[in-house]
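# task: produce atomic coordinates for the following.
(chains A, B and C)
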Amino acid sequence: MYAIVDCNSFYCACERVFKPHLAEKPVVVLSNNDGCIISRSDEAKALGVGMAGPYFLAKPLIEKHDVEVFSSNYNLYGNMSWRVMEVLRIIAGKNNVEVYSVDEAFVNLNGFGCNQVREVGERFKNTIEQWTGVNVSIGIAPTKTLAKLANGISKMNKIKTGCIAVLENEEKIMKALKITPVKDLWGVGGQSAKKLLNLNILTAWDLRQMPEEWARKNLGGVVGVRLIKELRGEKAIVMNEFKDKKMIATTRMFGDAVTSLSDIKEAVSTYTSRAAEKLRRQYSAASTINVFVVTNEKGEEGAHFKHGPTYSRHKILSSPTAVTNELIKPAMQLAEQLYQEGKKYKKAGVILSGIVPDNSIQADLFEERKSIGRFLMEQIDNINFSMRDDSVKYVASGLKRDWKMRQELRSPRYTTRWDELREVK
DNA sequence: TCTGGGGTCCTAGGACCC
DNA sequence: TCTGGGGTCCTAGGACCC
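Take a look at the predicted model:
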């Protein structure tokens, strides 16, 4: 059996842990640049605040009901996430926990008997809530897809289920499949949902009746086959052991549109530094760097919302590297090639790929390698980690940073900065 | 008029996820 | 006026090889 453990309104929950007076109040958290709403407390949902909607559209509703609003505080959420996952690892053993996202993890429960799994789920839930202050919902079933489905059911009526749903036998599975619309299945997005609806396949139960060959032809090939197997209780999606990322990206909207090449270069340089840090954290090096910019031009007529075209260029490096300045140099060239005078830019980003372990770098025969890079990087990473963000940075990244994103409502980083600790009088 | 067969690797783009 | 960021996997099609 698998469990999926999912934190309820995770970002809002993190804010509330340190501001107990918000416990019963509606709370929302905004995306970077204060653009969209990405987390809502139950109270905010009840008021009709939509998910992933633009903040400016929801603002009247938010002000009318005195909803508490926060900019996202990823230092805080990342650290709280680690604490939650650590509880699971302590209880279930670290090899049985697969962190799926910042607020979700799958746990392999094979070590427990069928009649024990609910009890284990309760132990997860109670311990996490007691140790971190974050509430979770749990779904338990024979496959990951069914566990996700169970989790959905546990959330439909939190009081009745106690936020835990277990599908331990065929009868319960059948019942659950019949009340779940296909569009709510894990792995069915907008496109597939539309297709299925046209074929009058409405519930998860309907979909489970379809032959695998049909899925191979009409539902995304092997992806569809896997989904149907999972619904039948056949494990088709297994535990992923920890894997290095195959792609590392740092991309941001600008606070305000940017027009000058120097601002673009500063931003791209900053994102490159950040991406290189992520690269070094997993002891990897990258061999391809891709830089892109998005302009302010009018998007397609009638599009859901307008964003301008993306211009991108990449460069394949002569040998993989994780040294920031070796990445900034090509990044700057790419930025210069992309830049067009007179355009307004609203976003830029850097994507590193062609990722290999940094201990097996195939050296370039024709290039002299500077071994100082690695040592220097370690020192810079250490200083930036222990002091504050970017105590040490490359001049190319700029000092003023006029292009920086908006983040007007961020709470203190209570758990990762000494000078921002919660004070208790 | 008529131009093989079998394979690998890479990239771009689609779909999906949180 | 104002709409996020960071990933994964898969497929199709092109380039290339013998």
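
# count the residues that sit near whatever residue of the stretch 151-300 of chain A ends up closest to DNA strand B.
DNA strand B sits closest to residue A:189 of the stretch 151-300 of chain A, with a gap of 2.3 Å, by C-beta to the nearest atom of the strand. Using the backbone N, CA and C atoms, a C-beta is placed for each residue, glycine as well. Neighbourhood size, residue A:189 [other C-beta atoms under 10 Å]: 10.

# before we move on, what about residue A:238?
Neighbours around residue A:238, by other C-beta under 10 Å: 11.

# in stretch A:346-355, what's buried?
A:346, A:347, A:348, A:349, A:350, A:351, A:352, A:353, A:354, A:355 (16 or more other C-beta atoms under 10 Å).

# in contact with the last one, which residues?
This means residue A:355. The contact partners of residue A:355, by C-beta atoms under 8 Å, 6 or more residues apart in numbering, come to A:244, A:245, A:246, A:247, A:248, A:279, A:284, A:285, A:286, A:287, A:320.

# spell out the secondary structure type for residue A:77.
Under DSSP: H, G, I helix; E, B strand; the rest coil, residue A:77 falls in the helix class.

# correction: the previous question concerned residue A:336.
Using three-state DSSP, the structure places residue A:336 in helix.

# and the stretch 151-300 of chain A, which residues reach DNA strand C?
The stretch 151-300 of chain A has residues A:220-223, A:240, A:243, A:245-253, A:278 near DNA strand C, with proximity defined as C-beta under 7 Å from any atom of the strand.

# and for the closest residue to residue A:180 other than its chain neighbours, the neighbour number?
Closest residue to residue A:180 apart from its sequence neighbours, by C-beta to C-beta, 6 or more residues apart in numbering: residue A:204 at 4.3 Å. As a burial measure, residue A:204 scores 25 neighbours (other C-beta under 10 Å).

# then residue A:283?
Counted by other C-beta under 10 Å, the residues lying close to residue A:283 total 11.

# repeat that for residue A:359.
When neighbours are defined as other C-beta under 10 Å, residue A:359 has 8 of them.

# phi, psi for the nearest residue in space to it that is not next to it in sequence please.
Once flanking residues are discounted, residue A:359 sits nearest to residue A:283: 7.2 Å by C-beta to C-beta, 6+ apart. Main-chain torsions, residue A:283, degrees, to the nearest 10: phi 50, psi 50.

# what's near enough to touch residue A:283?
Shown in contact with residue A:283 (C-beta under 8 Å, 6+ apart): A:244, A:357, A:358, A:359.

# one more time with 10 Å
Counting by C-beta atoms under 10 Å, 6 or more residues apart in numbering, residue A:283 touches A:244, A:322, A:357, A:358, A:359.
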